[in-house]
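Asks: Sequence first, then the predicted structure, then my questions.
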Amino acid sequence: MTSIVEVRHVSKSYGNKQALKDVSLSIPAGRIVGLIGKNGMGKTTLIKLINDLLTIDEGEIRIDGQTPGTATKQIVSYLPERTYLDRGMKVKDVVRYFADFYSDFDTEKANRLIKELGLDDKMKIGTMSKGMQEKLQLILVMARKAKLYILDEPLGGVDPATRDYILDTILSNFAQGATVVLSTHLIADIERILDEVIIIEDGEIKQHVDADTLRGEQNCSIDEYFRRTYKW
Ligand SMILES: Nc1ncnc2c1ncn2[C@@H]1O[C@H](COP(=O)(O)OP(=O)(O)OP(=O)(O)O)[C@@H](O)[C@H]1O
């Protein structure tokens, strides 16, 4: 299987806090991969390195064979942990902005999802709740025809009833053959969509397994296994 993300012996520190310790992993193309770990374990740091938002101390990363940078940003659609949308803009203006900025952005799809998820395109970002802003951000990210979608805590501020809807939106909207990496500590909610699970603890990769294999071997859900093994 060809891999879309290769991380080789990557370490990263903030001052004297080592956030990632000699991390190596390979993510095959076409899979939905969960990056699972408790708060502060290094998920966002790894995701930011993949997105060229932080510099690597040691090791190397390749996205579709290339070092993270301008070229990889063309093929990676990234949902950051925090909302970054301009509060003064209306939903429809943000959609236009994305369409101008990304050549792979599908305006029709974005507008359809905005309707489906019950958002009003005339609303100003600043008047929307945090959960509504998160939904909009996810729509914008999923409306790109990217090779790789990286979603940092996509369910963060969304109510439980909406989570399934969001997951279905992810499932039914990523481009054919693309890869989705999503980070979360809410395993129970997302495990049904995962092909692979990467467990990160204290900046180290503890396990990288096929979701069905893990469930079969352990005879329980990934959520149960994770709670039992990592004292969740
Ligand atoms: N800018 C920073 N300066 C100093 N330490 C940082 C900084 N950003 C992260 N850290 C530390 O690095 C470690 C990993 O943080 P990171 O944000 O990658 O974790 P995470 O798994 O994404 O957590 P969460 O689920 O809470 O978002 C934590 O101990 C955190 O305190």
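Replies: Yes, it's here.
Asks: Can you say which helix or strand has Asp86 in it?
Replies: Assigned by DSSP states H and E, Asp86 belongs to no helix or strand.
Asks: brain fart, Leu25
Replies: strand 17-28.
Asks: does that strand come close to the ligand?
Replies: Yes - judged by CB under 6 Å from any ligand atom, strand 17-28 comes into contact with the ligand at 17, 19. C-beta here means a position set from N, CA and C on the backbone, and glycine is covered the same way.
Asks: The most centrally placed residue in the chain and the ligand, how far apart?
Replies: In the chain, the residue lying closest to the centroid (CA atoms, centre = their mean) is Leu151, at 1.6 Å. Using CB to the nearest ligand atom, to the nearest Å, we find Leu151 at a distance of 13 Å from the ligand.
Asks: Could you list every helix and strand in contact with the helix or strand hosting that residue?
Replies: Taking DSSP H and E as the definition, one finds Leu151 inside strand 148-152. Counting contacts by 3 or more CB pairs under 8 Å, 6 or more residues apart in numbering; DSSP states H and E, strand 148-152 packs against helix 43-50, strand 76-79, helix 130-142, strand 179-184.
Asks: Determine the next helix or strand in the C-terminal direction from that strand.
Replies: helix 160-173.
Asks: circling back: tell me how far the strand holding Leu25 is from the chain's mean position?
Replies: Its chain's C-alpha centre and that of strand 17-28 lie 16 Å apart, by CA atoms, centre = their mean, to the nearest Å.
Asks: do stretch 207-218 as well
Replies: A distance of 21 Å separates the centroid of the chain from that of stretch 207-218, by CA atoms, centre = their mean.
Asks: what do you get for stretch 107-121?
Replies: On CA atoms, centre = their mean, the centre of stretch 107-121 falls 20 Å from that of its chain.
Asks: Which positions in it come out as buried?
Replies: 110-111, 113-114, 117, 119 (16 or more other CB atoms under 10 Å).
Asks: May I have the secondary structure class of Arg8?
Replies: Look at Arg8: counting by DSSP: H, G, I helix; E, B strand; the rest coil, its state is strand.
Asks: Who is it paired with across the strands?
Replies: Counting by DSSP bridges, Arg8 forms beta bridges with Glu60.
Asks: Pass me the low-pLDDT residue ranges in this structure, would you?
Replies: 1, 232 (pLDDT under 70).
Asks: Residues of it that sit close to the ligand?
Replies: Proximity of the chain to the ligand is confined to 14, 17, 19, 37, 39-45, 81, 185 under the rule CB under 6 Å from any ligand atom.
Asks: with the buried residues of stretch 107-121 in mind, which one is nearest to the ligand?
Replies: Leu117 (23.9 Å; CB to the nearest ligand atom).
Asks: shouldn't that closest one be in contact with Met142?
Replies: No - using CB atoms under 8 Å as the test, Leu117 is too far from Met142 to be in contact (10.7 Å).
Asks: ok, Gly157 - how many residues close by?
Replies: Using other CB atoms under 10 Å, Gly157 has 14 neighbouring residues.
Asks: That one contacts Lys130, doesn't it?
Replies: Yes - counting by CB under 8 Å, Gly157 does reach Lys130; the two are 4.5 Å apart.
Asks: got the phi/psi numbers for the residue nearest to Glu153 when sequence neighbours are not counted?
Replies: Residue nearest to Glu153 in three dimensions, not counting chain neighbours: Glu81, with 5.2 Å by CB to CB, 6 or more residues apart in numbering. With angles defined as degrees, to the nearest 10, Glu81 sits at phi -60, psi -40.
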